[in-house]
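Chemist: Just to be clear, the model below is a prediction. Sequence and coordinates:
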Amino acid sequence: MPPFEGKARDSRAQHATTSRAVIRKSDPLLAAQRGVRRRADGGHWNKYPENHSPPRMQDARRQRLGGKQQRKQRLHALDSADRKTADGKLSEWLRDLAVVDTTAKDLTVGGLLERFLSARAGRKEGTRITEKAIANVFKRTFEPGMGTLVARVKASALLTWLSEQGESRNWKNRTYNRRRLFLSQMFGLAVADNAISEVQNPFKTQIIRAKRKEKVFRRIPTPDQFQTIVESIRAQKCNAQHEDSADFVEFLGLAGVGQAEASALRWADVDFDSARINFIRRKTERDYYVPMYDWLRPFMERLRERAGGKPAHDERVFKIDDAKHALGNACKRLKLPHFTQRNLRAMLIKRLHDGCDAPSRRQNRHAP
């Protein structure tokens, strides 16, 4: 290119810039009408208003940035220096935006705990008492604290709490698993309420594993030991309820039922004509019956005669709810192992098994 052409081009550009500057300085109104404004980035004078660009540049900028407002809304720290990992985290985060309720983003662990206990108000009393006790320990000893956001809780924090509490309190495996179930249900409620997503759920079953169930060894009294225990309880004249306690213990061993079912038994449930006793399982609320075995019928007839021969249908068969203290004291006096009321039920199961009384075992649906 000849030298004079380059100089002429520079001269024309300088003249245009100078003329625009002169117009703006001399007549601001004329400059505004002609659109003589300096760009916001300090570039050359042009005819487009401030903060605006030609249409083609605007379209290109929208495609490149996706919109300034959208870019601000999607700003999120992925904590990753690897592009592939960052892409995966970004897709998970965007998916969570469509699932998680934004109004529940400030939910704390303490708030979730109260919400969970309120949701469990319809459970049985024993379950509520157990969960309330677990909640009190969790509230006092959870290391991050009750003010921690649910979305910030880590799986390692839950695992650490279970491990430390299990070691300090000497939990058995079934106790550990019960506390683990409590955490699983509580954070599962947070997922169900869309407070956190499934990905954000800190309770990871692959990390927080259940412990193997311990093998339970139950002491089962022999028939001779059982009879000795009943006679010892009945001989305690200083106890005003010695007869009632002895009858209760003897019935558990002869019928093979639980303490809760025996305490709720009424004479309307005892059918001498059909030779069966009807029960309702306390835990499952299902009905079942126990046949009047040859060793059980004389005992029930004796109780009926003691009740007057024709007791009222709604009258309770036994006046007490349990006899664990009388049973425990009898075992101490006789220097026997500590038998529980459940061991008496197991004694009948073993008796039926050893005697190969298959039909009776099928009829007693309470027995395992």
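Modeler: Cool, got the structure.

Chemist: got any ranges where this structure has weak pLDDT?
Modeler: 1-81, 89, 92-103, 356-368 (pLDDT under 70).

Chemist: As a check, name the ranges of all strands in it.
Modeler: Using DSSP state E, the strands of the chain run over 37-38, 45-46, 270-271, 276-280, 287-291.

Chemist: got a list of what the residue nearest to F248 when sequence neighbours are not counted touches?
Modeler: Nearest in space to F248, with sequence neighbours left out and distances taken as C-beta to C-beta, 6 or more residues apart in numbering, is A323 at 4.4 Å. From N, CA and C alone the C-beta is placed, and that goes for glycine too. For A323, the contacting residues are I233, D244, S245, F248, V249, L252, Q341, by C-beta atoms under 8 Å, 6 or more residues apart in numbering.

Chemist: ditto for F116
Modeler: Taking C-beta under 8 Å, 6+ apart as the test, what F116 contacts is A135, Q185, M186, L189.

Chemist: Measure how buried the first one is and give me the count.
Modeler: Right, the one you point to is A135. 17 (other C-beta atoms under 10 Å).

Chemist: swap in the one 3 residues further on?
Modeler: F138 has 19 neighbours, counted by other C-beta under 10 Å.

Chemist: Roughly how far does it sit from A195?
Modeler: 18 Å (C-beta to C-beta, to the nearest Å).

Chemist: In the record's domain split, what are the boundaries for this protein?
Modeler: As assigned by automatic domain parsing, the chain contains the domains 3-54, 104-192, 223-363.

Chemist: ok, which pair from the contacts of A323 is furthest apart?
Modeler: D244 and Q341 (14.4 Å; C-beta to C-beta).

Chemist: neighbour count winner among the two?
Modeler: With neighbours defined as other C-beta under 10 Å, D244 and Q341 compare such that Q341 has more, 20 against 16.

Chemist: In this structure that one contacts H325, no?
Modeler: No. The criterion here is C-beta atoms under 8 Å, and Q341 misses it with H325 at 10.8 Å.

Chemist: burial of the closest residue to E164 other than its chain neighbours, as a residue count?
Modeler: Leaving out its chain neighbours, the residue that sits closest to E164 by C-beta to C-beta, 6+ apart is T141, at 7.8 Å. Number of residues near T141 (other C-beta under 10 Å) recorded here: 12.

Chemist: returning to that earlier point: tabulate the contacts of F116 in CSV, adding columns for distance to A151.
Modeler: Conversion of those to CSV gives the following (distance: C-beta to C-beta, whole Å):
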residue, distance to A151
A135, 20
Q185, 18
M186, 14
L189, 14
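
Chemist: Quick one: buried ones out of those?
Modeler: A135, M186 (16 or more other C-beta atoms under 10 Å).

Chemist: Tell me the one of the contacts of F116 nearest L90?
Modeler: Nearest member of the contacts of F116 to L90, counting by C-beta to C-beta, is L189, at 27.9 Å.

Chemist: Report the separation between the closest one and L113.
Modeler: From L189 to L113 the distance is 10 Å (C-beta to C-beta).

Chemist: Same check on A121?
Modeler: When A121 is compared with L113 (using C-beta to C-beta), they lie 14 Å apart.

Chemist: So these two - more neighbours on which side?
Modeler: Neighbour tally, A121 and L113, criterion other C-beta under 10 Å: the higher count belongs to L113, 19 against 7.

Chemist: residues touching the more buried one, list them.
Modeler: L113 neighbours (C-beta under 8 Å, 6+ apart): A135, F138, K139, M146, M186.

Chemist: Just the ones in helices from the residues you listed, please.
Modeler: A135, F138, K139, M186 (DSSP state H).

Chemist: Would you mind confirming that the first one makes contact with S118?
Modeler: Read it as A135. No. In this structure, A135 is not within contact of S118 by C-beta under 8 Å, at 11.2 Å.

Chemist: ok, back up a step: minimum distance to R209: which of the domains of the chain has it?
Modeler: domain 104-192 (8.5 Å).

Chemist: end-to-end on that closest one?
Modeler: End-to-end distance of domain 104-192 (C-alpha to C-alpha, to the nearest Å): 12 Å.

Chemist: Any idea how many residues pack against R282?
Modeler: 15.

Chemist: and what of E164?
Modeler: E164 has 12 neighbouring residues, counting by other C-beta under 10 Å.

Chemist: same thing with Q225?
Modeler: 17.

Chemist: just S232 next, same as before
Modeler: When counting by other C-beta under 10 Å, one arrives at 20 neighbours for S232.

Chemist: Distance check, the residue lying closest to V153 once chain neighbours are set aside against F251.
Modeler: Among residues not flanking V153 along the chain, P202 sits closest, at 4.4 Å (C-beta to C-beta, 6+ apart). As judged by C-beta to C-beta, P202 and F251 stand 49 Å apart.

Chemist: swap in K124?
Modeler: The value you get for K124 to F251, if C-beta to C-beta is used, is 25 Å.

Chemist: quick one: which of the two has more around it?
Modeler: Neighbour tally, K124 and F251, criterion other C-beta under 10 Å: the higher count belongs to F251, 22 against 12.
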